[in-house]
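# Please work out how this folds:
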Amino acid sequence: MDTIFGVPLSALLSQLLLGLVNGSFYAILSLGLAVIFGLLNVINFAHGALFMMGAVVTWMAMNYLGINYWVMLLLAPLVVGAFGMVIERLFLRWIYKLDHIYGLLLTLGLTLLIEGAFRSAYGVSGLSYSTPTALQGGINLGFMFMPKYRAWVVVASLVVCLATWFVIEKTRLGAYLRAGTENPRLVEAFGINVPLMITLTYGAGVALAAFAGVLAAPIYQVSPLMGQNLIITVFAVVVIGGMGSIMGSIVTGLLLGVIEGLTRVFYPEASSTVVFVVMAIVLLIRPAGLFGKEH
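Numbering: from 1, shown residues only. Okay, the predicted model is just below:
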């Protein structure tokens, strides 16, 4: 069977793979947003800029310092995560008890500052970034040619997403994090430094965005504005999955990436809006999102 509904099987499968790759980025970025919102109650609009920062920092390290991709896969999230912790200490800590709009406006302002700084240094044209040698080429599956790097992106994203879910939902550390946001005085009574824990949590959420940026660098064009193209879709993923839901972000991100890929095959004109159509339908049926808790 070479066609499905008149579409060549190879074209369908290649779009499914592309959708899965995009879904992996949606999942890991929305996971970082869900961690920050679920545990800190802050809508982090700077997430896209910090995703971009992970990619650009990796490009800078490769071109100026000769540091390879595999080292930056660990180093870039640490650097950007540390930058995120400075942001949390200097700015975000003052707005936790205020309305969400203050956090949104503050992080939007930070986004403009970060993107403006990198745009002044590198312009808006793309920066070339080559795929690591070990992941160049692809595998011939008979019915399609699968690029090694895209397969790596899917696997790496799934491992990081599931590891994050496990830490937050199934470990004592995760229990402290959840308790610290709901009843900080009680947790402090056990000798736990709640403000430090909150700072580290924000840093971890930001590090997830930077990790996605490193993965994205060889696929997407590395540019100071690359985060703008994803962040609105990622916010839609978080809303569909349920604000603050960890597993909801992972499942919804992957699912919407696949739906987007299929839409490109069967109805290309709607591919750029299908995520928002799905969001509207889900919110009409279940306002708290697919995995969110109804109040």
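# for the host helix or strand of Tyr202, which positions count as buried?
Counting by DSSP states H and E, the element that carries Tyr202 is helix 194-216. When burial is assessed from 16 or more other Cβ atoms under 10 Å, helix 194-216 yields the following buried residues: 194, 197-216. Where C-beta positions appear, they are placed from N, C-alpha and C, glycine not excepted.
# cool, and stretch 225-235?
Met226, Gly227, Leu230, Ile231, Thr233, Val234, Phe235.
# Likewise for stretch 262-274?
Neighbour-count burial for stretch 262-274 [16+ other Cβ under 10 Å]: Leu262, Thr263, Arg264, Val265, Ser271, Val274.
# can you redo those residues as JSON lines with secondary structure and distance to Leu105?
JSON lines is the format used below for the buried residues of stretch 262-274 (DSSP: H, G, I helix; E, B strand; the rest coil; distance: Cβ to Cβ, whole Å):
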{"residue": "Leu262", "secondary structure": "helix", "distance to Leu105": "37"}
{"residue": "Thr263", "secondary structure": "helix", "distance to Leu105": "33"}
{"residue": "Arg264", "secondary structure": "helix", "distance to Leu105": "35"}
{"residue": "Val265", "secondary structure": "helix", "distance to Leu105": "39"}
{"residue": "Ser271", "secondary structure": "coil", "distance to Leu105": "31"}
{"residue": "Val274", "secondary structure": "helix", "distance to Leu105": "29"}
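# Ile139 is in contact with Ala151, correct?
Yes: with contact defined as Cβ atoms under 8 Å, Ala151 and Ile139 form a contacting pair (7.5 Å).
# Between those two, which has more neighbouring residues?
Ranked by neighbour count (other Cβ atoms under 10 Å), Ala151 and Ile139 place Ala151 first, with 16 against 11.
# could you say which helix or strand contains the more buried one?
Going by DSSP H and E, Ala151 is part of helix 148-170.
# What's the mean pLDDT across that helix?
Helix 148-170 comes out with an average pLDDT of 91.
# cool, and stretch 266-277?
What stretch 266-277 shows for mean pLDDT is 83.
# Give me the residues contacting it.
Phe5, Val7, Thr233, Ala236, Val237, Ile240, Leu256, Ile259, Glu260, Thr263, Arg264 (Cβ atoms under 8 Å, 6 or more residues apart in numbering).
# Can you tell me which of those has the most neighbours?
Ranked by the number of neighbours (other Cβ under 10 Å), those place Val237 first, at 32 neighbours.
# And for that residue, nearest residue in space, chain neighbours not counted?
Closest residue to Val237 apart from its sequence neighbours, by Cβ to Cβ, 6 or more residues apart in numbering: Ser30 at 4.2 Å.
# how far away is the one you found from Gly38?
Distance of Ser30 to Gly38, computed by Cβ to Cβ, to the nearest Å: 11 Å.
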